[in-house]
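Engineer: 3D, please:
(2 chains)
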Amino acid sequence: MNTIDLINKVSANNRIATGRAEMIISIILEKIIDKLRKEGEVSIEDFGTFKLEKKEPGSDYLSGYNKEHGISVSFHPEKKFLDVINS
Amino acid sequence: MVKQEVIDKISGYFRLTGFEAEKIFEDIFAIIMEGVKEDNIVDVTNFGEFIIKYDNGKGERYENNALPPGVSYKRTVEFLAATEFEEELRVNSYETTKDIADTYINKKPEETPEVHSDEPDMHAVEEELMKKREAILSKLAEPIISESTAPVGEPVTTQLEKTQETDEPKKILQPQQDLKPELYETTSTDTDGLETKKIPEEETANTPYFVGEDISKKTFSDYLSEVGTVSKPETVKTAEPEYQPTVIPLAAVELHKEIVQSKPEPVKEAPVIPPSETVIPEEHAESKAQDKSYYIWYKDSEANPAETQNMSYEYELLYQAAKEAEYKSKLKIYVTTFILFFSIVLVLLIFSPLIYKVFFTPEEIQNTENITEQVVTDQMSQQKAAPNVLPPETNGQQNTQPADTTKKEVTPPVTAEQNQVQQQTPPQQQTQPTEQKQEVQKQTQPPPQTNEPAIEGVTKNSMGWQDSKFNVIYVKLDNGKYAFQESSWDSEAKANNRINAVDKLKLTGMKGSAVKVDIPGKGAWFRVRFGEFSSLQEAHSKAEELRKKEK
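Structural biologist: Below you'll find the predicted structure:
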């Protein structure tokens, strides 16, 4: 599933235009980024939490850009998310 | 909470209700969860990927292709952030700012951090500040006060001597002396005629901005920069004891303020940091505008009214339901008033003749109508009574005449029989009165007059004689003459119009008249009668003539 499928499903379920669905998704992602940038942690109900982690640059856990700057984003899913996956 | 902020923004931008925005927000993440479950991966462009992995409970995670057999696993989700996402986070992330500040503080001035292409050049900023400082100094006229001539209490009217010695700044700027705000106020009036003090460039280049300990090395611009920050409470407390307002004119202060406001604002932590490293990268407004990620394009744009004018489907339903509820409350009132009004109009239309008769006609006319009715009824009753009286008094011929008429009225066979009876001998006359009596008994209507001659198509009725051929009624008037009633109208005007129309035909002896009659249940009617004729036959002939003329 990619972004286009996500947009189409959102527009179909809520009976809105695809352009509007795309804009809403972009607003959500931008808010997550801003929150992460400012607070380092973002939690979404019944979905999970994104955490900004800093590690030593060049560590083996990181790759590419992260390896150089030591920034990584971790995601911890919530129980409901796991239940949906394992159901 | 991110959720509430996002909901508020969506509802405000797209003019949706909070309920709708919340539903969309939850639906997006529900779709992501379902996508992860079905496809094992969800890739959101410029954000990251949600991938399913299998966890054996011991902290080991495997992808689907690499599951060792015979071991139970639970599915979990991992998130791999996209490079664009991490780039966004790198700039001004809360941990990176602290690191950068630490590096600037601890490192020597020679050791500069890596300058990325997006960051502004610090050396260039310093050069700009130096140039501005020189421009300030060139514009200002700094009065120089000597020790002997200018004590602190005097106003700034005396000119200072120019000196290039390094000791003089010490004398001029005596931070140990107490400030007197009154003096500072008096200096506001004197702005012209002051010479500027040119400080050598070497001093200005090498002197630091903020060095609290080495006051002797402070330059003129240092104190101006302090003056520029007087509005802030923190700097005011520290700067006041260090300069004399009598030395610095107000014009210089204002000019400096303008220049300070125009230059980029330093970071709050700057006073602690050496001047060569004071400039800390600010929030990159330019970098934000240059972001090429597709989901940030709208940030600086305003809501497009063409898109926001169209309401979402649910909002339209809610709007319609609300409007219907408003109208329903008023609809009942509208319907009831309409029904009442319509019913009143109907009642008035149905009973309008009665109402007109009761309320609008005068009493005299009502009485005359009643009288005419009585007259008509009396005539009819007389006509009824007359045939019973006449037969015994009249001659046999006269008896035959009504017999003939009656014969003709009842039925043709009866008349034939009666004719045969008439042709018989006198002994048969005895049967005639009995036959007449039988005919009278058979008649439902009152018997006709005995003296009238028989006319084809004319039958006797309550009003007179009805002529079915010409559709007229022959009436005997009070004076003994005859007239024929041609038509009857509900208004006098129509009756008069009919009379005028017949007059135009120019028939002799056709004098028209409209007789008003009040009929119970029908109201007032106007009967059009023509002529006064001497006999019924004359009236019949005139009626025939009239009909022929009309054809």
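Engineer: helices along chain A, start to end?
Structural biologist: A:3-14, A:18-39, A:65-69, A:79-86 (DSSP state H).
Engineer: quick one: the second one near chain B?
Structural biologist: Yes: for helix A:18-39, a contact with chain B is found by Cβ under 8 Å from any Cβ of the partner chain, at A:19-33, A:35-39. In this view, the C-beta of every residue, glycine as well, is placed from N, C-alpha and C.
Engineer: give me the mean pLDDT for stretch B:5-19.
Structural biologist: Averaged across stretch B:5-19, pLDDT comes to 87.
Engineer: to clarify, my last question referred to stretch B:380-391.
Structural biologist: Confidence for stretch B:380-391, expressed as mean pLDDT, is 58.
Engineer: could you list the low-pLDDT ranges of the stretch 301-450 of chain B?
Structural biologist: Residues of the stretch 301-450 of chain B meeting the criterion pLDDT under 70: B:301-311, B:362-379, B:382-450.
Engineer: just give me the neighbour total for the residue in chain A that chain B sits nearest to.
Structural biologist: Going by Cβ to the nearest Cβ, chain B is nearest to residue A:26 of chain A, at 2.8 Å. By other Cβ atoms under 10 Å in any protein chain shown, 21 other residues sit near residue A:26.
Engineer: next one: residue A:25
Structural biologist: If you count neighbours by other Cβ under 10 Å, residue A:25 ends up with 21.
Engineer: domains of chain B?
Structural biologist: B:118-283, B:311-350, B:362-452, B:455-551 (automatic domain parsing).
Engineer: mean confidence for the last one?
Structural biologist: Yep, that's domain B:455-551 we're talking about. pLDDT averaged over domain B:455-551 gives 86.
Engineer: how about the helices of chain A in JSON lines, adding mean pLDDT?
Structural biologist: Shown next, in JSON lines, are the helices of chain A (pLDDT from 0 to 100):
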{"stretch": "helix A:3-14", "mean pLDDT": "90"}
{"stretch": "helix A:18-39", "mean pLDDT": "88"}
{"stretch": "helix A:65-69", "mean pLDDT": "55"}
{"stretch": "helix A:79-86", "mean pLDDT": "88"}
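Engineer: just name the most buried of the ones you listed.
Structural biologist: Stretch with highest mean neighbour count among those: helix A:18-39 (a mean of 19; mean count of other Cβ atoms under 10 Å in any protein chain shown).
Engineer: distance from it to the middle of the chain?
Structural biologist: Here helix A:18-39 shows a centroid-to-chain-centroid distance of 9 Å under the convention Cα atoms, centre = their mean, to the nearest Å.
Engineer: just the C-alphas of it, formatted as CSV.
Structural biologist: The C-alpha trace of helix A:18-39 is given here as CSV (Å, rounded to 0.1, in the frame of the first residue of the first chain):
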residue,chain,number,x,y,z
THR,A,18,-8.8,13.2,-3.4
GLY,A,19,-7.1,16.6,-3.4
ARG,A,20,-8.6,17.4,-0.1
ALA,A,21,-7.6,14.0,1.3
GLU,A,22,-4.1,14.6,0.2
MET,A,23,-4.0,18.0,1.9
ILE,A,24,-5.3,16.5,5.1
ILE,A,25,-2.7,13.8,5.1
SER,A,26,0.0,16.3,4.5
ILE,A,27,-1.2,18.4,7.4
ILE,A,28,-1.1,15.5,9.7
LEU,A,29,2.4,14.5,8.7
GLU,A,30,3.6,18.1,9.0
LYS,A,31,2.2,18.3,12.5
ILE,A,32,3.9,15.1,13.5
ILE,A,33,7.2,16.4,12.2
ASP,A,34,6.8,19.7,14.0
LYS,A,35,6.0,18.0,17.3
LEU,A,36,8.9,15.7,16.9
ARG,A,37,11.2,18.5,16.2
LYS,A,38,10.1,20.5,19.2
GLU,A,39,9.3,17.9,21.8
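Engineer: which strands and helices lie in contact with it?
Structural biologist: In terms of contacts (3 or more Cβ pairs under 8 Å, 6 or more residues apart in numbering or on different chains; DSSP states H and E), helix A:18-39 is packed against helix A:3-14, strand A:41-44, strand A:48-54, helix B:2-14, helix B:18-39, helix B:83-90, helix B:94-106.
Engineer: out of these, which is closest to residue B:478?
Structural biologist: Nearest to residue B:478, of all the helices and strands packed on helix A:18-39, is helix B:18-39, at 93.4 Å by Cβ to Cβ.
Engineer: in the closest one, which residues are buried?
Structural biologist: For helix B:18-39, a neighbour-count test (16 or more other Cβ atoms under 10 Å in any protein chain shown) marks B:20-33, B:35-37 as buried.
Engineer: can that helix be found next to chain A?
Structural biologist: Yes: Helix B:18-39 lies within reach of chain A by Cβ under 8 Å from any Cβ, at B:20, B:23-29, B:31-39.
Engineer: what about residue B:516, neighbour count?
Structural biologist: Residue B:516 has 14 nearby residues by other Cβ under 10 Å.
Engineer: before we move on, which element is it in?
Structural biologist: According to DSSP states H and E, residue B:516 maps onto strand B:512-519.
Engineer: alpha carbons only: can I get the helix or strand following that strand in PDB?
Structural biologist: Tracing the chain past strand B:512-519, the next element assigned as helix or strand by DSSP H and E is strand B:523-533. Presented in PDB, the C-alpha positions along strand B:523-533 are these (Å, rounded to 0.1, in the frame of the first residue of the first chain):
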ATOM      1  CA  GLY B 523     -82.800  34.600  -4.900                       C
ATOM      2  CA  ALA B 524     -84.100  37.400  -7.000                       C
ATOM      3  CA  TRP B 525     -84.600  36.800 -10.700                       C
ATOM      4  CA  PHE B 526     -85.800  39.200 -13.500                       C
ATOM      5  CA  ARG B 527     -88.300  37.900 -16.000                       C
ATOM      6  CA  VAL B 528     -88.400  39.500 -19.400                       C
ATOM      7  CA  ARG B 529     -91.900  39.900 -20.800                       C
ATOM      8  CA  PHE B 530     -93.100  41.400 -24.000                       C
ATOM      9  CA  GLY B 531     -96.200  43.200 -25.000                       C
ATOM     10  CA  GLU B 532     -99.700  43.400 -23.900                       C
ATOM     11  CA  PHE B 533    -101.800  41.400 -26.300                       C
END
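Engineer: now what about whatever helix or strand comes next after strand B:523-533, what contacts it?
Structural biologist: Where DSSP H and E defines the elements, the next helix or strand beyond strand B:523-533 is helix B:536-550. Here helix B:536-550 makes contact (Cβ atoms under 8 Å, 6 or more residues apart in numbering or on different chains) with B:452-453, B:455, B:458, B:465, B:467, B:470, B:472, B:474, B:482-484, B:486, B:502, B:505, B:507, B:509-510, B:530-531, B:533.
Engineer: could you rerun that using 6 Å?
Structural biologist: Helix B:536-550 has contacts (Cβ atoms under 6 Å, 6 or more residues apart in numbering or on different chains) with B:452, B:455, B:470, B:472, B:474, B:482, B:484, B:505, B:531, B:533.
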